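J.: got a predicted structure plus its sequence, pasted below:
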Amino acid sequence: MSSQHTPIRRIVILGGGAAGWLAASILAASRPNGALDIVVVESPDVPILGVGEGTWPTMRGTLQKIGIDEQTFLRACDASFKQGTCFHQWLNDDEDHRYYHPFSLPFDYPNPQLGQWWQHHHSHQSFAHTVCSQATLCDYHLAPKQLQTPPYAGVVNYGYHLDANKFAQLLKQHATEHLGVTHVIDHIDAVIGDTDAPILGLQGRTSGLIKGDFFVDCSGFAARLIGQHYQQPLTSCQHILANDSAVAIQAHYEDPTADIASVTHSTTQPHGWIWDIALPSRKGVGYVYSSAHCSDDEAKATLANYLKSAANIQRNIDIQDAKQLRFSPGYRQTQWQKNCVAIGTSAGFLEPLEASALVMIEMAASHLAEQLPSYTQQLSAAAQGFNQVFSQRWQRIVDFLKLHYVLSQRQQTAYWQQMSDINSASEQLKNWLTLWQTRGPLASDFSLREEIFPAASFLYVLYGMHQCPQLSVQMQEENALQRAFQQSVQSTRQQLAGLPTNRQLLTQLHQIQLGKAG
Ligand SMILES: Cc1cc2nc3c(=O)[nH]c(=O)nc-3n(C[C@H](O)[C@H](O)[C@H](O)COP(=O)(O)OP(=O)(O)OC[C@H]3O[C@@H](n4cnc5c(N)ncnc54)[C@H](O)[C@@H]3O)c2cc1C
């Protein structure tokens with residue numbers, strides 16, 4: 001590059017929520033010798049979202065990469081182990097119907113005959129219980145590992161449930177104390193630069209002009225840079241996924257020594273669904289619903305009702321303490337414009353049915369860390385690749401979430417009639433469902449280098465919802481699959497005998513951590 005080219009050295013990140021601090025940490029860790037000068041600007045007046053308590057297994061790699069020790073993380077964030085999601089009453093009103101979407105892949109995956117083999121030989125038990133040990137481990141609230149398993153490693157795959165406010169706090173402390181990130185507390189009143197040109201700086205209310213070579217918009221739903229300044233529109237998905245509201249509350253245990261669930265529980269309601277997440281010291285429970293079908297008061301009443309009948313929750317909860325949240329389901333096709341990229345809810349947000357927001361932040365920040373060019377003159381080339389890949393990722397999430405609804409037979413309310421209507425699904429999802437009438441999802445149906453939801457995720461949901469293909473091909477590998485199944489049964493038995501419960505393992509890990517601190 002000639003001397004006329006301008007190097008990218010100073011990165012200004014607007015926003016101090018999970019997105020801002022994850023982006024700062026991932027970028028800083030990727031350039032360990034201080035090659036980048038990273039500043040996070042956070043408004044003293046705009047609070048962070050403070051929800052978002054379920055992660056994807058990718059968070060283990062992210063925390064390790066940025067240098068946070070697992071025991072410190074678990075304790076600081078009141079975190080527990082998440083091994084997937086359990087969906088209740090998604091098929092219909094049958095209170096006993098539930099299925100798992102576990103994080104571990106089925107045995108022998110991606111053998112395309114697995115689903116067919118399960119249908120022939122084992123359909124008396126659920127697909128997830130047949131093809132991996134994790135569903136059974138979750139039935140017993142077991143941990144994904146033993147005390148002696150190395151940090152971030154697992155006997156089975158896992159992510160976390162965590163306290164979102166504590167998580168942002170830990171990331172902030174780590175980024176500023178160990179990764180050389182500068183923290184500025186100031187409200188940004190103006191963006192300096194023309195809307196068809198690179199941003200020159202941000203005008204802070206008290207600190208004046210904050211200059212940068214590159215800007216990361218992590219300002220949450222405000223989308224201060226990508227939306228307000230660059231006017232990049234949000235592609236609405238409300239016609240596909242109608243949910244645009246949530247009401248959330250923290251609930252304390254009646255018996256604080258009781259088991260900690262290994263999964264997020266998701267239970268359908270007349271106008272949406274309720275998440276139920278167990279942390280070591282409390283639960284996080286919330287109702288996600290469509291404001292077009294349900295008033296906020298009705299939503300609170302539904303949540304209160306759920307809490308009344310839920311096991312092991314203190315009864316003295318005041319539902320008026322619940323946090324009300326509103327969002328526009330959708331994403332921006334152009335997330336990277338000029339010298340600015342949006343990461344986090346500024347880029348888009350879809351209902352948290354499969355906890356896809358934090359993993360999208362991790363992926364976007366890692367992509368940026370890898371692809372951030374050395375000179376400003378290369379930015380538009382990098383932007384094109386980013387926008388293409390991330391638009392596809394958003395579309396994939398829309399399709400995967402919609403799959404949960406279109407397979408449902410629930411028709412009791414206008415909400416469920418609308419959400420389960422196949423006509424409101426994308427052409428891609430309709431095409432897949434047509435192909436999957438005579439075969440299961442295949443790895444080759446999905447083209448992205450890193451799919452958040454691989455074919456296995458689609459298999460778990462389809463078969464969990466009793467959507468089995470009418471099989472047309474001859475089974476060829478029955479013996480090999482039967483042998484793999486026997487091995488899986490054997491390892492399930494060993495894991496059941498050898499794994500502690502979540503509560504036991506977390507208590508042991510905290511005691512070790514306290515011992516170190518003492
Ligand atoms: C109901 C609900 C449930 C969710 N559940 C999950 C889940 O289970 N799993 C998951 O992965 N995700 C979940 N999410 C999403 C998750 O909460 C977010 O992805 C995550 O919190 C990141 O938010 P953020 O950092 O983008 O925005 P925020 O937390 O809103 O942070 C925005 C930051 O920008 C700053 N800011 C804004 N304007 C200015 C300004 N003018 N000047 C200076 N600073 C400014 C604010 O001060 C703040 O620091 C959920 C979201 C909702 C709504």
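T.: Good, I have the coordinates.

J.: okay, and the beta partners of residue 286?
T.: Per DSSP bridges, the residues bridged to residue 286 are residue 248, residue 275.

J.: ranges for the strands of the stretch 251-400 of the chain?
T.: With DSSP state E, counting those that start in this stretch, the ranges of strands along the stretch 251-400 of the chain come out as 264-269, 272-278, 283-289, 323-326, 330-332, 336-337, 340-342, 348-349.

J.: among those strands, which comes closest to the ligand?
T.: The minimum distance between the ligand and those falls on strand 323-326, with 4.6 Å, by CB to the nearest ligand atom. In short, each C-beta sits where N, CA and C put it, glycine included.

J.: now the closest residue to the ligand within the stretch 251-400 of the chain. Nearest residue, chain neighbours left out?
T.: Nearest to the ligand in the stretch 251-400 of the chain, going by CB to the nearest ligand atom, is residue 344, at a distance of 2.6 Å. Counting by CB to CB, 6 or more residues apart in numbering, the nearest residue to residue 344 once its immediate chain neighbours are dropped is residue 19, at 2.5 Å.

J.: quick one: list the elements packing against whichever helix or strand that neighbour is part of.
T.: In the assignment (DSSP states H and E), residue 19 maps to helix 18-30. On a contact count with 3 or more CB pairs under 8 Å, 6 or more residues apart in numbering; DSSP states H and E, helix 18-30 meets strand 10-14, strand 37-42, helix 58-66, helix 164-178, helix 357-371.

J.: with just CA atoms, put that helix into PDB.
T.: Taking Å, rounded to 0.1, in the frame of the first residue of the first chain, the C-alpha atoms of helix 18-30 are listed here in PDB:
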ATOM      1  CA  ALA A  18     -23.200  -7.200  25.800                       C
ATOM      2  CA  ALA A  19     -22.600  -6.300  22.100                       C
ATOM      3  CA  GLY A  20     -20.300  -3.400  22.800                       C
ATOM      4  CA  TRP A  21     -18.100  -5.300  25.300                       C
ATOM      5  CA  LEU A  22     -18.100  -8.500  23.400                       C
ATOM      6  CA  ALA A  23     -17.000  -6.700  20.200                       C
ATOM      7  CA  ALA A  24     -14.400  -4.700  22.100                       C
ATOM      8  CA  SER A  25     -13.000  -7.900  23.800                       C
ATOM      9  CA  ILE A  26     -13.000 -10.000  20.700                       C
ATOM     10  CA  LEU A  27     -11.300  -7.200  18.600                       C
ATOM     11  CA  ALA A  28      -8.700  -6.500  21.300                       C
ATOM     12  CA  ALA A  29      -7.900 -10.200  21.900                       C
ATOM     13  CA  SER A  30      -7.400 -10.600  18.100                       C
END
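
J.: is there proximity between it and the ligand?
T.: Yes: counting by CB under 6 Å from any ligand atom, the ligand is contacted by helix 18-30 at 18, 19, 20.

J.: got the angle between that helix and strand 10-14?
T.: 160 degrees (axes from the mean of the first three to the mean of the last three CA atoms, to 10 degrees).

J.: now helix 18-30, how far from the chain's geometric center?
T.: Taking CA atoms, centre = their mean, to the nearest Å, one finds the center of helix 18-30 at 17 Å from the center of the full chain.

J.: give the rounded mean pLDDT of that helix.
T.: Taken as a whole, helix 18-30 carries a mean pLDDT of 98.

J.: mind listing what's buried in it?
T.: 18-30 (16 or more other CB atoms under 10 Å).

J.: repeat for stretch 132-139
T.: Neighbour-count burial for stretch 132-139 flags 132, 133, 134, 135, 136, 137, 138 (criterion: 16+ other CB under 10 Å).

J.: from the ligand, how far off is residue 37?
T.: 19 Å (CB to the nearest ligand atom, to the nearest Å).

J.: give the next helix or strand downstream of the helix ranked longest in the chain.
T.: Counting residues, the longest helix found in the chain (DSSP state H) is helix 379-406. Remark: after helix 379-406, the chain's next helix or strand is helix 414-419, criterion DSSP H and E.

J.: next, count neighbours for the residue in the stretch 151-300 of the chain that the ligand sits nearest to.
T.: The ligand sits closest to residue 220 of the stretch 151-300 of the chain, with a gap of 2.7 Å, by CB to the nearest ligand atom. For residue 220, the count of nearby residues is 23 (other CB atoms under 10 Å).

J.: for it, what are its contacts?
T.: 15, 17, 19, 46, 48, 49, 344, 345, 346 (CB atoms under 8 Å, 6 or more residues apart in numbering).

J.: show me what contacts the fourth one?
T.: Same thing as residue 46. Applying CB under 8 Å, 6+ apart, the residues near residue 46 are 187, 219, 220, 222.

J.: ok, the first one - contacts?
T.: It stands for residue 187. Applying CB under 8 Å, 6+ apart, the residues contacting residue 187 are 43, 44, 45, 46, 204, 205.

J.: quick check, pLDDT for residue 477.
T.: Reading off the model, residue 477 has pLDDT 73.

J.: residue contacts, the closest residue to the ligand within the stretch 51-200 of the chain?
T.: Closest to the ligand within the stretch 51-200 of the chain is residue 52: 2.6 Å, counting by CB to the nearest ligand atom. Residue 52 makes contact with 18, 164, 352, 355, 357, 358, according to CB under 8 Å, 6+ apart.

J.: correct me if wrong: the third one contacts residue 274.
T.: Spelled out, that is residue 352. No: the pair residue 352 / residue 274 is not scored as a contact, 11.5 Å apart, by CB atoms under 8 Å.

J.: shared neighbours, the two?
T.: residue 288.

J.: hang on, the earlier thing: what's the farthest-apart pair in the buried residues of helix 18-30?
T.: 18 and 30 (18.1 Å; CB to CB).

J.: could you check how far residue 281 is from residue 251?
T.: Between residue 281 and residue 251 the computed distance is 11 Å (CB to CB, to the nearest Å).

J.: those two - which one has more neighbours?
T.: Of the pair residue 281 and residue 251, residue 251 is the one with more neighbours under other CB under 10 Å, namely 18 against 13.

J.: would you say residue 85 is within a strand?
T.: Yes: with DSSP: H, G, I helix; E, B strand; the rest coil as the criterion, residue 85 is part of a strand.

J.: beta partners for it?
T.: Following DSSP bridges, residue 85 is listed with bridge partners residue 101, residue 264.

J.: what is the neighbour count of it?
T.: 23.

J.: let's see the pLDDT reported for it.
T.: Per-residue pLDDT puts residue 85 at 98.

J.: swap in residue 224?
T.: In this model, residue 224 is scored at 98, pLDDT.

J.: now it: how far from residue 216?
T.: Counting by CB to CB, the separation of residue 224 from residue 216 is 11 Å.

J.: again, but for residue 442
T.: Residue 442 is 36 Å from residue 216, by CB to CB.

J.: right, and the residue of the stretch 251-400 of the chain closest to the ligand touches residue 16 too?
T.: No: with contact defined as CB under 8 Å, residue 344 does not count as touching residue 16 (10.9 Å).

J.: common neighbours of these two, please.
T.: Joint contacts of residue 344 and residue 16 (CB under 8 Å, 6+ apart) are residue 218.

J.: quick check: closest non-adjacent residue to the residue of the stretch 401-518 of the chain found nearest the ligand.
T.: Per CB to the nearest ligand atom, residue 452 is where the stretch 401-518 of the chain lies closest to the ligand, at 10.8 Å. Nearest residue to residue 452, sequence neighbours excluded (CB to CB, 6+ apart): residue 359, at 5.7 Å.

J.: test my guess that the one you found contacts residue 56.
T.: Yes: the pair residue 359 / residue 56 is scored as a contact, 3.8 Å apart, by CB under 8 Å.

J.: overlap of the contact sets of the two?
T.: Common contact partners of residue 359 and residue 56 (CB under 8 Å, 6+ apart): residue 452.

J.: what's the distance between residue 183 and residue 42?
T.: On the measure of CB to CB, residue 183 and residue 42 end up 7 Å apart.

J.: looking at these two, which one has more neighbours?
T.: Neighbours were tallied for residue 183 and for residue 42 using other CB under 10 Å; the higher tally belongs to residue 42 (23 against 17).
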